[in-house]
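Asks: here is a sequence together with a model predicted from it:
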Amino acid sequence: MSATNPEPIRELAAGYALGALTKEEAAAFEAAMAQSPELAREVAEYREVNALLGHAAAEQPGAAVRDRLLQRVSQGKVAPIRSKRGWLAPVLGGLAAGLAFWAVSLNQKLGVLTGQLNGKDARLAAAEAQLAKRELTLNTLLEAEAELTVVQLTTSGERSPGVQLFWNRRSNVGVLHAFRLPPTAKGKVYQLWLLRGGKPYPSMTFNSEGDGHALVQAFPLPEGGAFEAAAVTVEPEGGSTTPTMPIILVGKV
Amino acid sequence: MPIRTETFTATRPMGAMTQVRLSTPAADTAADRDRRLLDRVAGGDERALGELYDRYAAALFGIAWRISDERADAEEIVLECFSQAWRDAAKFQAEKGSVIAWLTMICRSRAIDLIRSRTRRAKLAQSATAADPDQAPGMGPGSQRPDSGVADDERARYVAAALDTLSPPQRQAIQLAYFEGLSHSEIAERLEEPLGTVKTRVRLAMQKLRDALRPYFFEAVI
């Protein structure tokens, strides 16, 4: 299967900053941006352009707006979001000053409760992050609609390791799932390559967990599409520009 | 924090301002000041919110007014925008851009939400369909608003000069995306042009503006 005019994800950066993309495009772009500091930087630049365009249109609002804002804030009609440290510290300080006798035990109890709360917060945050990642993966796969290509990268042998590459040709973003793939030696990583006309194009590097699994979500693939095959090699940390033999896994598109 | 002293010279023609020099210490210091100000806002300092308002209310109001086309609505949008800044100051991420870029994003988002909820959208569609790209809607000092009081500000002049370098169709596409909050496909529909053409036009226009305006960014993007 060959690519049909995949739109390089980078070309969506300006439209993303302007809010001119469809929901699907925006989701795919955000997925790619999460993996690419370059894209994030480009969007930040376009947002600076947005800010400057606003500056050119500057007009003074009525004086009453400022008064209304400050009145609204001082009356507590708009509650600021405070960090936990921000409100917990004064509370603890007040307890220590006003209830000297109870302070030690209260602080101990509070410390335990805060620890438990923080532990739950951390677990909740981890679960939310995990959920967000899965949603990202799902969005990458679903938004491709008919333009999703699945490449199975294998090697010979029973119960041998494998890699599934899901290629969203619509936004040229990939999702990689590796299984039974042992972690590399120290200082080495796996690297994905896309082949076109027999020439390898470097993609991202990754490593597997102790259980042999790896999931790399929504990473941009080399531009140009029309890939014929994908391969995985072992490379030094940071990746290479040309593959180091041997090829560990390979699959036809 | 050390102040960097650099001088940028615009190398590409920018309308009448072919050579523009801007010393950056003021811009860098302003970005640092903004972040400190927002830190104070995050800490509940109402005076800091007032200072932030004084600094950027005019720019945000200008955007809100042009998008909403109603002064009263624009004032409400600015009020909501700064209220959100008060609520969410602790969430601001400096690595994603300057404080004013963040505020601009909030302001545009609120203004666009407002016009999308109105039936006036149909009226806007009619007026823009009839528009001639050679007479693209004004942005900045080219405004047709009779009581326009555009701030006499260096940045405003640089932006106007940069906008002058866009072709009329590019300028129109940016106008529709930026001030009317239209998506690529809505612009294509409005202008009865292919989607790909519109996407390319918006992208090239934004690239042109970015390249021309980079020396004047509120925050140097690294």
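Replies: Good, I have the coordinates. Please read all numbers here as calculations on a predicted model, not as lab measurements.

Asks: so is stretch B:160-172 next to chain A?
Replies: Yes - applying C-beta under 8 Å from any C-beta of the partner chain, one finds stretch B:160-172 touching chain A at B:Ala160, B:Leu163. Yep, even glycine has a C-beta here, placed from its N, CA and C like the rest.

Asks: give the buried residues for that stretch.
Replies: Buried positions in stretch B:160-172, judged by neighbour count with 16 or more other C-beta atoms under 10 Å in any protein chain shown: B:Ala160, B:Ala161, B:Ala162, B:Leu163, B:Asp164, B:Thr165, B:Leu166, B:Pro169, B:Gln170, B:Arg171, B:Gln172.

Asks: want to throw the residues you listed into JSON lines with secondary structure and pLDDT?
Replies: As requested, the buried residues of stretch B:160-172 are exported to JSON lines (DSSP: H, G, I helix; E, B strand; the rest coil; pLDDT from 0 to 100):
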{"residue": "B:Ala160", "secondary structure": "helix", "pLDDT": "88"}
{"residue": "B:Ala161", "secondary structure": "helix", "pLDDT": "90"}
{"residue": "B:Ala162", "secondary structure": "helix", "pLDDT": "92"}
{"residue": "B:Leu163", "secondary structure": "helix", "pLDDT": "92"}
{"residue": "B:Asp164", "secondary structure": "helix", "pLDDT": "91"}
{"residue": "B:Thr165", "secondary structure": "coil", "pLDDT": "93"}
{"residue": "B:Leu166", "secondary structure": "coil", "pLDDT": "94"}
{"residue": "B:Pro169", "secondary structure": "helix", "pLDDT": "95"}
{"residue": "B:Gln170", "secondary structure": "helix", "pLDDT": "95"}
{"residue": "B:Arg171", "secondary structure": "helix", "pLDDT": "94"}
{"residue": "B:Gln172", "secondary structure": "helix", "pLDDT": "94"}
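
Asks: low-confidence regions, the stretch 151-253 of chain A specifically.
Replies: By pLDDT under 70, the stretch 151-253 of chain A contains no weakly predicted segment.

Asks: tell me which stretches of the chain form strands.
Replies: Just so you know, I chose chain A. All strands of chain A, identified by DSSP state E, fall at A:148-153, A:162-168, A:173-179, A:188-196, A:199-206, A:214-220, A:229-236, A:247-252.

Asks: chain B, not that one
Replies: For chain B, the strands defined by DSSP E occupy B:7-9, B:21-23.

Asks: mean confidence score for the last one?
Replies: Averaging pLDDT along strand B:21-23 gives 35.

Asks: rewinding a little: looking at the strands of chain A, which is nearest to A:Ala20?
Replies: Nearest to A:Ala20, of all the strands of chain A, is strand A:173-179, at 19.0 Å by C-beta to C-beta.

Asks: so what strands line up beside the closest one?
Replies: strand A:162-168 (antiparallel), strand A:214-220 (antiparallel) (DSSP bridges).

Asks: deepest of the ones you listed, which one?
Replies: Of the strands paired with strand A:173-179, the one with the most neighbours on average (mean count of other C-beta atoms under 10 Å in any protein chain shown) is strand A:162-168, at a mean of 23.
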